[in-house]
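A.B. asks: Kindly return the folded structure for what I paste below:
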Amino acid sequence: MKLGLQLGYWGAQPPTDDADLVAAAEAAGFDAVFTAEAYGSDAFTPLAWWGRRTSGIRLGTSVAQMSARAPTATAMAALTLDHLSGGRLILGLGVSGPQVVEGWYGATFPKPLARTREYIDIVRQVWARADPVSSSGPHYPLPHQGIGTTGHGRAMKSIVHPLRTDIPIMLGAEGPRNVALAAEICDGWLPIFFTPRLAPMYKSWLDEGFSRPGARRARSDFEICATANVVVTEDRSATLASMKPALALYLGGMGAEDNNFHAEVYRRMGHTAVVETVTRLFRAGRKGEAAQEIPDELVDDAAIVGDPGHIRDQIVAWERAGVTMMVLRGRSVTQLRELAALVA
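C.D. replies: Down below sits the predicted model:
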């Protein structure tokens, strides 16, 4: 089992301890550090900033939102950072949700699977640098032609030769068709709410992708880098309670009321009644009550909280469920060292 550090995206202000966390993670043998983006900080700049102080740890976006950049722009950012880091980049991509895509980026959300397939194909063309990059669309036509264009566009190759022509791409995916797509065209899957209890269901989704003609990977060389709240504590109840306000936001406040991908994940886990109650309360402005309606069992499904023996047992369970990397939310240097020792 590998370990990853999840720095996430910034809140109202930049974090002050990320440099210490990244250094501690590399010293403790962590395999990768990941950053994210929503509608504030971006995913690439922090990796470049902290990556310059490291030498071996891989640098991943988890995730870079596809609507934030044209596929060629994402390919350029990845190519550049891969050069600067000596070949340590992981490009994690995700479609985000309709509220962000249409409300923040001014793009359209429908057909996310088709857009993802087309987007990744263009990114890989840039890195391969075998031919000028072209795409028949319909989502990202290159060269862009037709009404409103000059007609002067032409297919081009990247000026810069990539350090690696096949940088790993991982997909942030939650639904069955998106997970299957990750298995078909990507090098890894980045689940945000993973539970070993549903391992057979995940396996069926992944196997659907692996079985498709031309699939890039087999199960044996495909990475599953699952983000998890892992906390060593003797007070499970208090720790689980502290996680509930954030979960209430994901279950009840993310996306639209009738189109919340995170809520769907927990419905598949069997928590439909809780999700409905939390959503109703949260959207009525009763956020504290919404958090109180979340049972410990729901939190525990996708978190690992307890004494060292329980942590070790659960890490084994996650590994048996197919997870190849536990991506931990770093709270302190001491915590990172403690968790690295437990996994070892």
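A.B. asks: and the strand ranked longest in the chain, what other elements does it pack with?
C.D. replies: Determined from DSSP state E, the single longest strand within the chain is strand 223-232. Strand 223-232 is packed against strand 32-35, strand 188-189, strand 303-306, helix 308-320, strand 325-329, helix 333-343, with contacts defined by 3 or more Cβ pairs under 8 Å, 6 or more residues apart in numbering; DSSP states H and E. For the C-beta atoms, the positions are set from N, CA and C on the backbone; glycine is no exception.
A.B. asks: Pairing partners for the fifth one, with directions?
C.D. replies: Think strand 325-329. Here strand 325-329 is paired, per DSSP bridges, with strand 2-8 (parallel), strand 223-232 (parallel).
A.B. asks: Adding mean neighbour count, write these out as CSV.
C.D. replies: Formatted as CSV, these follow (neighbours: other Cβ atoms under 10 Å):
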stretch, mean neighbour count
strand 2-8, 23
strand 223-232, 22
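A.B. asks: okay, those in TSV with distance to His310 and mean pLDDT next?
C.D. replies: Putting the strands paired with strand 325-329 into TSV (distance: least, Cβ to Cβ, whole Å; pLDDT from 0 to 100) gives the following:
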stretch	distance to His310	mean pLDDT
strand 2-8	18	96
strand 223-232	9	94
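A.B. asks: how about those strands in a markdown table, adding distance to Gly306?
C.D. replies: Formatted as a markdown table, these follow (distance: least, Cβ to Cβ, whole Å):
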| stretch | distance to Gly306 |
| --- | --- |
| strand 2-8 | 18 |
| strand 223-232 | 8 |
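A.B. asks: Of all those strands, which one comes closest to Val316?
C.D. replies: Relative to Val316, the nearest member of those by Cβ to Cβ is strand 223-232, separated by 13.1 Å.
A.B. asks: can you give me the angle that closest one makes with helix 333-343?
C.D. replies: Orientation of strand 223-232 against helix 333-343 (axes from the mean of the first three to the mean of the last three Cα atoms, to 10 degrees) gives an angle of 120 degrees.
A.B. asks: Strand 223-232: how far from the chain's middle?
C.D. replies: In terms of Cα atoms, centre = their mean, to the nearest Å, the gap separating the centre of strand 223-232 from the centre of its chain is 12 Å.
A.B. asks: So what touches it?
C.D. replies: Strand 223-232 has contacts (Cβ atoms under 8 Å, 6 or more residues apart in numbering) with 4, 6, 32, 34, 60, 62, 168, 170, 187-192, 194, 239, 243, 302-308, 311, 318, 322-329, 331, 335, 338-339, 342.
A.B. asks: if we go to 7 Å?
C.D. replies: Contact with strand 223-232 is made by 4, 6, 170, 187-192, 194, 239, 243, 302-305, 308, 311, 318, 322-329, 338-339, as judged by Cβ atoms under 7 Å, 6 or more residues apart in numbering.
A.B. asks: ditto for stretch 74-85
C.D. replies: Under Cβ under 7 Å, 6+ apart, the answer for stretch 74-85 is 44, 47-48, 51, 59, 64, 89, 91, 123, 126-127, 158, 160, 162-164, 167.
A.B. asks: Swap in 8 Å and give it another go.
C.D. replies: For stretch 74-85, the surrounding residues in contact (Cβ under 8 Å, 6+ apart) are 44, 47-48, 51-52, 59, 64, 66, 69, 88-89, 91, 93, 119, 122-123, 126-127, 158, 160, 162-164, 167.
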